[in-house]
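> got a predicted model here, sequence first, then my questions.
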Amino acid sequence: MNKDKILQFTSNSLFTFDLKIFNIIDSTNSFLLNNFEPLPLNKDSIPVIAAEIQTKGRGRIGRSWHSELGSGLTFSLIWHFREGVAKLTGLSLAIGVAIIRVLRAFAVNQVNLKWPNDLLYDDCKLGGILVELRGKISGPTYAIIGIGINFNLSLPIKSAIHQNSTDLFQITGRYQDRNVFLSALLLELCNTLSNFEVYGFSYFRAEWISYHAYHGKSVTLFLPNNSFVSGRVDSVNADGSICLLTSSGRHSYSVGDISMRLAD
Ligand code: BTN
């Protein structure tokens, strides 16, 4: 990855990025969490950490994120919100919208989202989002937003991933320049996050639903207390929770440590 190239492509933006690229790091999210200092609510320069290799890449629900040199894009940024955590429940879903928009701008049209925020192609995982919040309950809040996207996975990495996975090369047959893609993504993230701050997730809700791979499908949700619930996906709500039609009626489930699978 090339810092000058990335910053050159973002140079016309209102935002500037304090970008550091590490050859090797445990996790870009962990780095920002560990070196985090509450900064003034100043969006002039957005801290971004990208890594060629993460030795302890983390995913949602305590999972690992597997990648190796050149296999993808792994980066994190910090965004400051005036609001408290209660207003940010749909944040990770809105970030999914930003990524889909950029993929479509790069003519990758068949990638969809799986609630809350997996990137899927043909039911195989292309990427994921890990949002970790810090700050005061009533705000300001600091969101550490980590994104992993597979560009070209080797067979050993694919077999280390405990679910069906894919990458941009497999989908498009082309090698995508990670620098150009990251620049476009940083710009779209700033646009999306600025709109999210003002309007919340409801601004993105209809677009999110249009990208949902499992809309109207029968699914099983695995809940944190080891129980599960089955139903048909009805919608997502303005707070990012998912609404299922179950045998006992319509029920909503909040974004949290929940995973979802298509029902057998
Ligand atoms: C998931 O699918 O569960 C979320 C995966 C998020 C992975 C990214 S890679 C960059 C950042 N650093 C991490 O340790 N995780 C996120």
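Sure, I can see it.

> grab the nearest non-local neighbour of residue 184.
Of all residues not flanking residue 184 in the chain, residue 102 sits nearest, at 5.0 Å (CB to CB, 6 or more residues apart in numbering). All C-beta spots, glycine's among them, are computed from the backbone N, C-alpha and C.

> which residues are in contact with that neighbour?
181, 184, 185, 188 (CB atoms under 8 Å, 6 or more residues apart in numbering).

> in terms of pLDDT, where does it sit?
Looking at residue 102, its pLDDT is 98.

> pretty sure it is in a strand, no?
No. Looking at residue 102 with DSSP: H, G, I helix; E, B strand; the rest coil, it is helix, so not inside a strand.

> quickly note the distance from it to residue 137.
Going from residue 102 to residue 137 by CB to CB, to the nearest Å gives 32 Å.

> likewise residue 72?
Using CB to CB, we find residue 72 at a distance of 34 Å from residue 137.

> what's the helix or strand for the spatially closest residue to residue 178 that is not a sequence neighbour?
In space, residue 178 comes closest to residue 73 once its chain neighbours are excluded; the distance is 5.2 Å by CB to CB, 6+ apart. According to DSSP states H and E, residue 73 maps onto strand 72-81.

> so for that strand, mean pLDDT?
96.

> that strand: partners in the sheet, and parallel or antiparallel?
Paired strands of strand 72-81, with direction, are strand 45-54 (antiparallel), strand 141-150 (antiparallel) (DSSP bridges).

> before we move on, what SS does residue 133 have?
strand.

> with residue 19 instead?
Criterion first, three-state DSSP; result for residue 19: strand.

> identify, out of the strands paired with strand 72-81, the most deeply packed stretch.
Neighbour counts (mean count of other CB atoms under 10 Å) averaged over each of these peak at strand 141-150, with a mean of 24.

> dig out what the residue in the stretch 151-264 of the chain that the ligand sits nearest to forms beta bridges with.
Closest to the ligand within the stretch 151-264 of the chain is residue 259: 9.0 Å, counting by CB to the nearest ligand atom. For residue 259, the beta-bridge partners are residue 222 (DSSP bridges).

> what about it, distance to residue 125?
12 Å.

> returning to what we had before: roughly how far does the residue nearest to residue 178 sit from residue 97?
Distance from residue 73 to residue 97, by CB to CB: 17 Å.

> residue 139 now?
23 Å.

> start and end of stretch 76-88, how far apart?
17 Å (CA to CA, to the nearest Å).

> contacts for that stretch, please.
For stretch 76-88, using CB under 8 Å, 6+ apart, the contacting residues are 17, 28-29, 31-32, 36, 39, 41-43, 46-49, 133, 135-147, 186, 189, 193, 197, 200.

> can I get stretch 105-117 in CSV, CA atoms only?
The C-alpha trace of stretch 105-117 is given here as CSV (Å, rounded to 0.1, in the frame of the first residue of the first chain):
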residue,chain,number,x,y,z
ALA,A,105,-18.8,2.7,-8.2
PHE,A,106,-16.1,0.2,-9.1
ALA,A,107,-18.6,-1.8,-11.1
VAL,A,108,-18.8,-4.6,-8.4
ASN,A,109,-22.6,-4.7,-8.5
GLN,A,110,-23.5,-8.1,-7.0
VAL,A,111,-22.3,-7.7,-3.5
ASN,A,112,-25.0,-7.4,-0.8
LEU,A,113,-25.3,-6.9,2.9
LYS,A,114,-26.2,-9.4,5.5
TRP,A,115,-27.6,-8.0,8.8
PRO,A,116,-26.0,-6.4,10.6
ASN,A,117,-23.0,-5.7,8.5
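
> buried residues in that stretch, which are they?
When burial is assessed from 16 or more other CB atoms under 10 Å, stretch 105-117 yields the following buried residues: 106, 108, 111, 112, 113, 114, 115, 116, 117.

> between the residues you listed, which is nearest the ligand?
residue 117 (7.5 Å).

> next up, the contacts around the closest one.
Per CB under 8 Å, 6+ apart, neighbours of residue 117: 92, 93, 95, 96, 128, 129.

> same thing but at 6 Å, please
Shown in contact with residue 117 (CB atoms under 6 Å, 6 or more residues apart in numbering): 92, 93, 96, 129.
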